[in-house]
Structures are given as C-alpha cells and as structure tokens.
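Participant: Sequence first, then the predicted structure, then my questions.
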Amino acid sequence: MGAGPSGLLLALLLAQHSIPTLVLEAWPRLDTRLRATQYGVPATRVFRRAGLLPDIRAGSIRSFPSISWRRADDHRQLVRLDMACVADHDDRMTIMPLGDLVKIMFAHCLRHPGVVEVRFEHRAVGVGQDGEGAWVDVDVTERSVEGQEEEERVRRERFRADFVVGCDGATSAVRKALFGREWPGQTFQQQIVVQNVWYDGFDKHGWAGGNYIVDRDVWGLIAQRGKGGLWRVTYGDIGGLSDDEYLQRRPTRLEKMLPGHPKPDEYRIGDTNIYKMHNRCVDTMRVGRILLAADAAHVCNPWGGYGCMTAILDAGGLADCFIGMYKGLAGDDILDRYAEVRRDRFLRYVDARSIKNLDRISKVTDPSTVVETDKFFGILKRLEGDAEATKAFLLVRLAQGPKTDCRAVPGEPSADETRRKLRASSTTLRSTTRPAATETSRELRHWDELWKGGNQMRMARYGPTSIVARGIRTVTTSPRTQ
C-alpha cells in the first residue's frame, strides 16, 4: 500500500524476480511534496540493486563537496567534513529531491507490465487476513465527464493477495487498522519549515554542499539539492503557530541564516512545506500476513537523513525475504526476522542518533565552544586534512557490511584494505584522546549495525516452504492526506 519510495522500490526489487505486486495509492498522483533529499551509502547500494542508480545520478548533482557546521550569528565555520575524497566513488551518498526520485521509480515500474501494477485513487479503509491470504478494503474513486461537468463516484472494492504491506507513510491506514491510534514515541514541540530557495549569494559567499546552522534560536540545514542552483533550506521554529504566522516569520529567519543576510527581494522561494517532527515506532512490524515498512512503521526527525534511508533499507530487506520465500530458500518465519531486525535497528540506532543530531544543532549552549565539548565535532575536527582517514570514515558503511557482501569496486581499496584504514584512523584518534576514540568506535559500530540490519535477511538461508508453489503476490497501499 503506497506509491511512495518504499512501496515502489519494493515492487521493483520483486519484479526483478517476476514476483507480481499491485501498488494501491490513495492520491490521484505521485506525492512530490518537499521531503528527503539525501540518502547514505547503504541506500545507494539498494538503488543500484534496483537498477535506479544511473538515472538518479544523471538527474542530480554529482556529489556533495562538503558538509559544514556554522554559527548562526556570523556564519563562521565550526567544523567541516571534506567529501571530495569520495566524489568519484560508486557508493557515494545520493543527492536528489524525493519527489524526483519517486518519479524515476514510477517510470521504472512501468517497464514491468503484468508484474507491477500501480493504481491511483485507491484509498485503504481496512485490512484483514485468514489462512489463505490477506486483503485490503479500498474506496476507489472513479471519474467521468458528462457534458461540461466531471462526475465523481466512490465504490468499495476488496483486493486479496498472499501478503499486504503497508508502505503508506506516517498516516498509515494499515497501521491504524492493526493498532488503532497507538504509536509509541514522541512529537517534538518545534515545527519544521522547508522551502526550495534560489539565491546567488550562496556562490558569492563560497557556500557549497550541506551547511548546518548551530544555534538555540535559529537552527537548521541549508544544502544544495539539485541542478540549476536549487538549494533546500530547512529550519526549526517554535510550535503552536498557524501556517500564515510561520510564513510571516520566515523573512527574518532567512535573513539570519542565509549568507550575506539578504532581504526577501534578493532570493526566490519555490515550494514550501510545514510539518511537525516525530520519533515513533510500532511495537511490531508484522501481524501475520500483514507487514509494515518505512514511515508506516517508524518515523524520525529529518536531521542526519536517517528517515528515507531507513525506509529504503526496510524495502530492500523485505524484498530479500519475499525473494527467498519465492525461490524456496526460506519459510515465512523469515518475515519475523525482518520485523525484528528492522525494528531493532530503528530503536537502537536511528531513533537515538537522529535525536542527537537534532540536539547538536538546536540545544547548543555556546556555539563558540561546541567543537571542544561535542565528541562528534571533535572527531570531524581531527579528520580535517587527512584524506585517507576521512575516506575510510565516509565509507564505513561499505567497509563494515557483512564480509560476504563486500564487493570490489574497480579502482577502489578492497573491503579488507578499507577496514585496515578504519582501524588505523581509530588508532590515531585513540593516541590523541581516548574519549574521542571511544566515540569513533561507537560511530563505526552504529553504521555497522545499521547496514547489517539492511542486509541480514539476504544472508540468511532457511529450508524450503510450500508457499512458493503458488508464488507470492503482494499488495502495497497508501492512505495519503492532502
């Protein structure tokens, strides 16, 4: 359920093995609102598996030159992560607005007629299951033109499949059908304001890549997001205001955040989105033949780019499970493994790390001393000027994956060589200061566990199961709201 990134990606990965998928989407079109824009190394590898990466690379900026953290008052750079050392690496971070990425995924789905079918204006209203399969009840909107007027009618239809997968976002109808309104976690007080911005002052003042603004009052992220001078400006504001009030406050906040402190007539604003931040996760991602993935199961705040990357890994891991079942290599108990591993990785790593990233830019007591007091900033500071250690740090996701899944990249160090560099860089940091070395080790273990969580299902081998005798048909649906 859901023609968003996780639903379409799951359908594409299954289509590679001729496993049919029906994707049901509540909206009359693809959702292209302002959301994610950057996807880490693990997600890049899944995009490659799905055959999407060449089109993504062709339609996006080539790479991020750097990520900087800056003070809000004078924009002084506190610390910088130079990413030039991985600019040509095949697994480098992927940059593309999610709306454009979803369009590419949908175009690829159209290349699999008879295997992938996407239907719009199919709004889920309930789900169920029995010993033979699962089903979703859907309100289908049908339109017809009579003379000069368009008529609309809604009919109820039930779709049956072997499995139903809720990839239907934070307002998931599948999750609500299973658990009601119960969704453990928290909603943050701050509101997030996101906008596309065109401003020649970025080039004039030498800004590039990603730029985090660190301040208790004015904080956020300003980053290159596409060709043609497109930048994305995301910042936090106080809660409890109307959308009009947030927009009235915007010129003052942008003047403080943007380089050169411009007035509104010096930049152009495109699409805008205003939303609340949540960190939440369901108690289980599987109930029999009904499964949850991505934002339908868990959500996190946007700082650090964990949300959509985790969704991509959910889709990749679940696809591996279904493929294993289809080929007779796994029983349906592997779906329990999917539900356990992906939920565990979210709670233990994504949830905690995204909150740390939020606190790092919004709760700093003194921006002028934060580099000395924040352990992560300390790590980045010691990496400055050391291209080899920086490259190892940036590619830790690649190096720390399961050894049997590490594939050689032409012209790049082998997995073992990269691991040795990681150990060497960690040793160097340890000789400088032990707390920083400890934090480095934690950071490496964090990416290790997050990446393993996306690949563990692929490495598993179980006995055959009778379900493959009739194949696997999955239904993904979505209840999106305007």
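Facilitator: Received, thanks.
Participant: Does G317 touch A339 like I think?
Facilitator: No. Judged on Cβ atoms under 8 Å, G317 makes no contact with A339 at a distance of 10.0 Å. Bear in mind the C-beta positions are built from the backbone N, C-alpha and C, glycine included.
Participant: Any regions of the chain where pLDDT drops low?
Facilitator: 396-474, 477-482 (pLDDT under 70).
Participant: List the contacts of the helix or strand hosting V127.
Facilitator: Following DSSP states H and E, one finds V127 within strand 122-129. The contact list for strand 122-129, computed with Cβ atoms under 8 Å, 6 or more residues apart in numbering, reads 1, 24-26, 134-141, 156-157, 164, 166, 168, 173-174, 177-178, 288-290, 477-479.
Participant: again, only this time at 6 Å
Facilitator: Taking Cβ atoms under 6 Å, 6 or more residues apart in numbering as the criterion, the residues outside strand 122-129 that touch it are 1, 24, 26, 135-140, 164, 173-174, 177, 288-290, 477, 479.
Participant: Show me which of the residues you listed are buried.
Facilitator: 1, 24, 26, 135-140, 164, 173-174, 177, 289-290, 477, 479 (16 or more other Cβ atoms under 10 Å).
Participant: Tell me the buried residues in the helix or strand harbouring D351?
Facilitator: Per DSSP H and E: D351 is located in helix 351-362. In terms of neighbour count (16+ other Cβ under 10 Å), helix 351-362 has its buried residues at D351, R353, S354, I355, N357, L358, R360, I361, S362.
Participant: Reformat those residues as a markdown table; add distance to I334.
Facilitator: As requested, these are arranged in a markdown table below (distance: Cβ to Cβ, whole Å):
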| residue | distance to I334 |
| --- | --- |
| D351 | 24 |
| R353 | 27 |
| S354 | 28 |
| I355 | 31 |
| N357 | 32 |
| L358 | 34 |
| R360 | 37 |
| I361 | 39 |
| S362 | 40 |
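Participant: nearest to R35, of these?
Facilitator: Sorting these by how near they are to R35, with Cβ to Cβ, puts S354 at the top with 14.9 Å.
Participant: Pull up the pairing partners for whichever strand or helix holds Y275, direction included.
Facilitator: Assigned by DSSP H and E, Y275 belongs to strand 268-281. Next to strand 268-281 in the sheet, as set by DSSP bridges, lie strand 185-198 (antiparallel), strand 298-299 (antiparallel).
Participant: For the spatially closest residue to R45 that is not a sequence neighbour, the count of nearby residues, please.
Facilitator: Closest residue to R45 apart from its sequence neighbours, by Cβ to Cβ, 6 or more residues apart in numbering: D91 at 6.0 Å. Neighbourhood size, D91 [other Cβ atoms under 10 Å]: 22.
Participant: re earlier: mind checking how far the helix or strand following the helix holding D351 is from the chain centre?
Facilitator: As assigned by DSSP H and E, the chain's next helix or strand after helix 351-362 is helix 370-373. Distance of helix 370-373 from its chain centroid, counting by Cα atoms, centre = their mean, to the nearest Å, is 28 Å.
Participant: Which parts of helix 370-373 count as buried, going by neighbours?
Facilitator: Result for helix 370-373 [16+ other Cβ under 10 Å]: buried residues V370, V371.
Participant: Mind giving me the packing neighbours of the next helix or strand after that helix?
Facilitator: Using DSSP H and E, the helix or strand that directly follows helix 370-373 along the chain is helix 375-383. When contacts are defined as 3 or more Cβ pairs under 6 Å, 6 or more residues apart in numbering; DSSP states H and E, helix 375-383 packs onto strand 77-82, helix 434-459.
Participant: partners of the shortest one, with directions?
Facilitator: Strand 77-82 has the following strand partners under DSSP bridges: strand 66-71 (antiparallel).
Participant: just to revisit the earlier point, minimum distance to A11: which of the strands paired with strand 268-281 has it?
Facilitator: strand 298-299 (20.6 Å).
Participant: Secondary structure element holding the most centrally placed residue in the chain?
Facilitator: The structure's the chain has its C-alpha centroid closest to C308; by Cα atoms, centre = their mean the separation is 1.1 Å. Assessed by DSSP H and E, C308 sits inside helix 306-326.
Participant: how far off helix 351-362 does that helix point, in degrees?
Facilitator: Interaxial angle, helix 306-326 versus helix 351-362 (axes from the mean of the first three to the mean of the last three Cα atoms, to 10 degrees): 160 degrees.
Participant: Only C-alpha atoms, please: export helix 306-326 in CSV.
Facilitator: The C-alpha coordinates for helix 306-326 follow below in CSV (Å, rounded to 0.1, in the frame of the first residue of the first chain):
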residue,chain,number,x,y,z
TYR,A,306,18.1,8.8,8.5
GLY,A,307,14.3,8.7,7.7
CYS,A,308,14.2,7.8,4.0
MET,A,309,17.5,5.9,4.1
THR,A,310,16.0,3.6,6.8
ALA,A,311,12.8,3.3,4.6
ILE,A,312,15.0,2.2,1.6
LEU,A,313,16.7,-0.4,3.8
ASP,A,314,13.3,-1.7,5.0
ALA,A,315,12.2,-2.2,1.4
GLY,A,316,15.5,-3.9,0.5
GLY,A,317,15.4,-6.2,3.4
LEU,A,318,11.7,-7.1,3.0
ALA,A,319,12.3,-7.8,-0.7
ASP,A,320,15.1,-10.2,0.2
CYS,A,321,12.7,-12.1,2.4
PHE,A,322,10.0,-12.4,-0.2
ILE,A,323,12.5,-13.4,-2.9
GLY,A,324,14.0,-16.1,-0.6
MET,A,325,10.5,-17.4,0.0
TYR,A,326,9.6,-17.3,-3.7
